[in-house]
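Trainee: Next input, structure requested:
(2 chains)
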Amino acid sequence: MKKAIPILLLLAGTPAAHAAPGEGEVVAVLSHHGGAYMEAFSAFQAGFGAEVPHLDVSDQRPAIPRGARQIVAFGARAAAQKYPSDVDLVYCLAPGYFLDTGARTASTVKISMRPASAQFLTRLKAIQPSLHRLTVLWVSEGYTPHMNDLSAVARASGIEVTLIQVQRISQLPSLLRKALPGMDAFFLPPDPLLVTPDTLQIFRQFSWGNSVPMYATTRGLAQEGAVAAIGVSFKQAGAAAAQALMSLRAGEQVPDIVYPQEVEMTLNASAAKSCGITLSREILGQAAYLFP
Amino acid sequence: MRRPRPSILTLTGALLVLGTCFAFAEEGTGEFWDFMGEEARNLTVASPIPENVFDSVSNVTVIDRNAIEHYNFGSVSEALRTVPGMTVTRTYTIHNVPTARGALQDHYANKVLVMVDNVPMWNAVTGEGDLDRVDIDSVERIEVLLGPASVLYGSNALTGAVNIVLRKARTEGSIGQVGGGLGSGAGVYGGALGVSRAGGSYAWKGKDASYMFSANSRDAVQPSIAFRDETGLQHSVREYLNARTLNFSAAAGGNSLLVNAFRSDQNFLGNAISLASGELFNEAKEGAVASYSYTFAPGWGDLKYSAAYDWQRRNIPRDSSNKLRSDIVGARLSNTLSAVAPLGGGFYLESGATYEYRSAQRYLNYDSNTGTPRDDNSMNARGSRESSLYAQLGREAGDWKFLAGSRYTKDSKAGDNLSSRASVIRRFGDRDSLKAMFSQSFRSPTPFEQYFLTSTVTVVGNPDLRPERTETTELSYLTAFGPLFFHLTAYHAHYIDTIYRNRGDFTRDGVSYPNANHYQNAPGFAADGLELTARYAVPATSAFLTLSRLRGTRGDEHPIPASGSLPASASWNFKYSPDYTASGGISHEFGSFFAAGNFNLLGRSRSLRTALGSQFWADLSAGYHKGPVRHTISVRDVTDREVQVPEYVRLRVVETLPLYTGRRLEYTFDYRF
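Mentor: Modelled structure (predicted):
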């Protein structure tokens, strides 16, 4: 019994470790306890300024505490759980996933992993001033209206965008061959149904073999052969989720999709060389990461 | 006599150490791919179904790694039994005979092509493939193509093809696994408890290169049963199949290399011509394949050259004293050049040429005590050359996909063949398609079927055999919605000039052999069938149900004369095929715990003289996984029944053979890194 006392005291003290402003009102739900999700969650906690209890839904449905008023979901699986409709939901790290907000009465905010289109295109032009014809490929249906928006913004910037929604991955080589004469570069949004280790080989061979730059939004793709990745890192997504949550708690209006202002640029020097692009000092100075 | 056993664990350990040296230290992208993979799972409507199943111009079923682990399949054969239209049965002299749509394999399993990483592997003397040359722990997925496939693969893909794809690292970095197990009745001597399996694998992938290797040992011993032999005597017998396998594959740039080697030791109820001895002497199978291919893109398309050397040996007992044995050795050397080129307008052309040299090096009967040759069975240095050309023209136009093509084959010893195919696919959505397919296939007779002749006239080969052929017309509908997937196929198959072993008067080279076993081509026969697969998958639960229904004609019916006290009867292919088969399974994860159950059901069938009722067996397993370690306890054949199948090879002997003889318990563990 004596041994049990310190354990009971320890357990009793545990909630104190979670004490925070609005304790119990904010709950984080992670698709998986680890990797990118944990990286973003740590940045979220740092930005929020308090420890937030978190649940892992990789092998079970989350038991949301009764008093929860705001939920921050990391990953599509976490975002797709059934939450009370009157609880605010901020979700991030869910590329290609767009929650149907029709039945929700409280705020629903998605943190985009893409920067705002104008910001993205300005960076592309800085890297490749000769860029006039950009081809965009994606699979996930949720991206379709957003790629149309990107096309409209690009047209205003003097860039003609060709949109290709890939229906079947097996068609990818022939689609790329067909589109080759009309492109100066191509862009892959962070679409998990399109970007896989197998398709990446096709994209890389096509890009390097035809000297057509490949652009993406995630550092991993720049490391794998894209000339540049301009996007929101896992940490930045977590920090943006914290910012959005605090705005909601302050009663401010937050748009349905937040495009974080702070973005990360990663460059791949070998890929740039293969595609005949010279990276200026100014661009190199802006890069957060440079792969040789 | 104690047989020397290779130390697979030692070999595995050495290979693992060697492999670790090649894993270069660099910043990996593993976390990125893990993230993308996890997110893709949440966006895909029926994640376990690869897209190419909907888009493939053939009737393809895929058993992937998830299914293998969820349902705890113990071997490639067990996994294949869950594919509708595919049964894996046994005969008097062969275990694990893949049988597609009820078309029997006769004495040698040479009508369903077995491949590893798309490299065909079969014995040049008798044509048989071997499902036990790859351990299930080394398998990433199994692709099953039902129906004729000669335009793609040439001879031997007569009624279907099984492609066993090895496990590899899919993203940059490395993966590995070591495991072991204890089983009841396992081990060479079938003790109460012994080591049932041991092995491991390691795979590494870099930016432009990858490799994997695996080494496994698995002992499968059936509980002993009282078996009544052809003389009416009853014996206690116990069958085993112990396999050791080794795989290595590597790829860099456009180059790829595959090495597969195996040895299996097994016994049969009918190794000996007479079972009166009650002995079940060991049979050894060995084989090694080395294959190299180079792929490059010259600008107008893709070009691939591949070469493979496939060597196989089988050493079998021939009499009731194990004094007379046969050593069967053959090899194949094949070269293939293939190309795919887009032609514009949505058209593309696939074409290629294959040249293959087959050498039946020996089928030697010898005295096992002295090694003295007794009889070469008229099989020494029988070689043949086969060359073929194929072309397929395809077109993708919106939601339609068309493909038509032919392969012309010229065989120096077995006659020529032209096989064709045509497929039309209509896509109604991303995961919704209807396919109509017509395909033809052939199999050249093997040197054994053509030339075998022994002084005791056990069987006489027929040099005048024509290649056997099949033609199939089928309609398939595949759809997936939410977590559900359905695949329904209706087909009509026609079998022409089927090669089978008959008994009767036969003349070869002017010499008459009265009442002798000999090979001949059968009259044509046909079958109609239905196959259904239903699968359900959500993150913690998966389930499947498969059904197949078959109705065959008796066009190949031939009389079987009375034998001793056994009355005369008649035999035809579909007499022995069950009229329906079914299988199902369910698996569920409860946090760190998991459980699974599978069942198989073979409908009523017939043996030569009796009716055989439906046969049912089921496996259960449960386990626990935490971090890299996984423990599983399995009960195989949980009802403890003897599962019987008709014996269709050595007619006039026994009516049925046991597929499983009783309940077995197995514990396995895996450590993944």
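Trainee: Sketch out the low-pLDDT regions of chain B for me.
Mentor: For chain B, applying pLDDT under 70 flags the ranges B:1-30, B:38-52, B:171-172, B:186-192, B:229-232, B:270-279, B:430, B:652-653.
Trainee: Equivalent analysis for chain A, please.
Mentor: For chain A, the ranges with pLDDT under 70 are A:1-24, A:59-61.
Trainee: residue in it nearest to chain B?
Mentor: residue A:220 (2.8 Å; C-beta to the nearest C-beta). From N, CA and C alone the C-beta is placed, and that goes for glycine too.
Trainee: where do the helices sit along the stretch 201-350 of chain B?
Mentor: Counting by DSSP state H, counting those that start in this stretch, the stretch 201-350 of chain B has no helices at all.
Trainee: again with chain B
Mentor: Here chain B has its helices, by DSSP state H, at B:8-21, B:30-43, B:52-55, B:65-70, B:76-80, B:150-153, B:447-451.
Trainee: what's near enough to touch the residue of chain A closest to chain B?
Mentor: By C-beta atoms under 8 Å, 6 or more residues apart in numbering or on different chains, residue A:220 lies in contact with A:229, B:29, B:31-33, B:36.
Trainee: One more: residue B:333?
Mentor: Residue B:333 is in contact with B:307-310, B:356-357, counting by C-beta under 8 Å, 6+ apart.
Trainee: now do residue B:147
Mentor: B:58-59, B:100-101, B:159-160, B:437, B:439, B:441, B:472, B:474, B:491, B:493.
Trainee: The residue of chain A closest to chain B: helix or strand, and which one exactly?
Mentor: In this assignment (DSSP states H and E), residue A:220 forms part of helix A:219-223.
Trainee: Which ones among the contacts of residue B:147 lie within strands?
Mentor: B:100, B:160, B:437, B:439, B:441, B:472, B:474, B:491, B:493 (DSSP state E).
Trainee: out of the residues you listed, who has the most neighbours?
Mentor: Greatest neighbour count in the ones in strands among the contacts of residue B:147, by other C-beta atoms under 10 Å in any protein chain shown, goes to residue B:441: 32 neighbours.
Trainee: and that residue, what does it touch?
Mentor: Residue B:441 neighbours (C-beta under 8 Å, 6+ apart): B:147-151, B:157-159, B:419, B:469-471.
Trainee: now the residues you listed as a markdown table including distance to residue A:189?
Mentor: Converted to a markdown table, those look like this (distance: C-beta to C-beta, whole Å):
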| residue | distance to residue A:189 |
| --- | --- |
| B:147 | 40 |
| B:148 | 43 |
| B:149 | 39 |
| B:150 | 43 |
| B:151 | 39 |
| B:157 | 41 |
| B:158 | 47 |
| B:159 | 45 |
| B:419 | 45 |
| B:469 | 51 |
| B:470 | 47 |
| B:471 | 47 |
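Trainee: Selection in ChimeraX covering whichever of these are buried, please.
Mentor: Burial among the contacts of residue B:441 is assessed by 16 or more other C-beta atoms under 10 Å in any protein chain shown; the matching ChimeraX selection reads:
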select /B:147,148,149,150,151,157,158,159,419,469,470,471
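Trainee: Chain A contacts on the stretch 551-673 of chain B?
Mentor: Applying C-beta under 8 Å from any C-beta of the partner chain, we find that the stretch 551-673 of chain B lies next to chain A at B:589, B:591.
Trainee: surely residue B:566 meets residue B:609?
Mentor: Yes. With contacts counted by C-beta atoms under 8 Å, residue B:566 reaches residue B:609, the gap being 6.9 Å.
Trainee: Pull the number of nearby residues for residue B:212.
Mentor: Around residue B:212 there are 25 residues (other C-beta under 10 Å).
Trainee: distance between the ends of stretch B:91-108?
Mentor: 9 Å (C-alpha to C-alpha, to the nearest Å).
Trainee: Inside strands: which ones of the contacts of residue B:333?
Mentor: Using DSSP E, the contacts of residue B:333 in strands are B:307-310, B:356-357.
Trainee: Which of these sits closest to residue B:449?
Mentor: Using C-beta to C-beta, residue B:356 is the member of the ones in strands among the contacts of residue B:333 that sits closest to residue B:449, with 17.5 Å.
Trainee: Could you measure from the closest one over to chain A?
Mentor: 29 Å (C-beta to the nearest C-beta, to the nearest Å).
Trainee: Quick check: closest non-adjacent residue to that residue.
Mentor: Using C-beta to C-beta, 6 or more residues apart in numbering or on different chains and skipping the chain neighbours, the partner closest in space to residue B:356 is residue B:334 (4.1 Å).
Trainee: Likewise for residue A:97?
Mentor: Residue A:97's closest residue in space is residue A:76 (C-beta to C-beta, 6+ apart), at 3.9 Å.
Trainee: Verify the contact between the one you found and residue A:94 for me.
Mentor: Yes. The pair residue A:76 / residue A:94 is scored as a contact, 4.1 Å apart, by C-beta under 8 Å.
Trainee: which of these two has more neighbours?
Mentor: residue A:94 (28 against 23).
Trainee: and the more buried one, that one's in a helix?
Mentor: No. If the criterion is DSSP: H, G, I helix; E, B strand; the rest coil, then residue A:94 is coil and not within a helix.
Trainee: what distance separates the helix holding residue A:220 from the middle of the whole chain?
Mentor: Put simply, helix A:219-223 sits 13 Å off its chain's centre (C-alpha atoms, centre = their mean, to the nearest Å).
Trainee: does the next helix or strand after that helix come close to chain B?
Mentor: Where DSSP H and E defines the elements, the next helix or strand beyond helix A:219-223 is strand A:228-231. No. Strand A:228-231 lies out of reach of chain B by C-beta under 8 Å from any C-beta, never closer than 10.3 Å.
Trainee: Check which helices and strands strand A:228-231 sits against.
Mentor: The contact analysis (3 or more C-beta pairs under 8 Å, 6 or more residues apart in numbering or on different chains; DSSP states H and E) places strand A:228-231 against helix A:117-127, strand A:214-216, helix A:219-223, strand A:264-268.
Trainee: Contacts for that strand, please.
Mentor: In contact with strand A:228-231 (C-beta under 8 Å, 6+ apart) are residues A:113-115, A:120, A:123-124, A:127, A:190, A:213, A:215-222, A:263-268, A:272.
Trainee: between the contacts of residue B:333, which is closest to residue B:108?
Mentor: residue B:310 (15.5 Å).
Trainee: mind listing what the closest one touches?
Mentor: B:119-122, B:124, B:287-289, B:331-334.
Trainee: nearest to chain A, of those residues?
Mentor: residue B:119 (20.0 Å).
Trainee: about what we covered before: in ChimeraX, how would I select the buried members of the ones in strands among the contacts of residue B:333?
Mentor: Applying 16+ other C-beta under 10 Å to those, the buried members can be selected in ChimeraX as follows:
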select /B:308,310,356,357
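Trainee: need the contact list for residue B:354.
Mentor: B:154, B:334-336, B:386-388, B:390.
Trainee: try 6 Å
Mentor: B:336, B:388 (C-beta atoms under 6 Å, 6 or more residues apart in numbering or on different chains).
Trainee: same thing with residue B:293?
Mentor: So residue B:293 contacts B:256, B:304, B:306 (C-beta under 6 Å, 6+ apart).
Trainee: Identify the residue spatially nearest to it, adjacent ones excluded.
Mentor: Leaving aside its chain neighbours, residue B:293 sits nearest to residue B:306 (3.7 Å; criterion: C-beta to C-beta, 6+ apart).
Trainee: ok, what's across the strand from that neighbour?
Mentor: With DSSP bridges as the criterion, residue B:306 is bridged to residue B:293, residue B:336.
Trainee: Thank you kindly, that will do.
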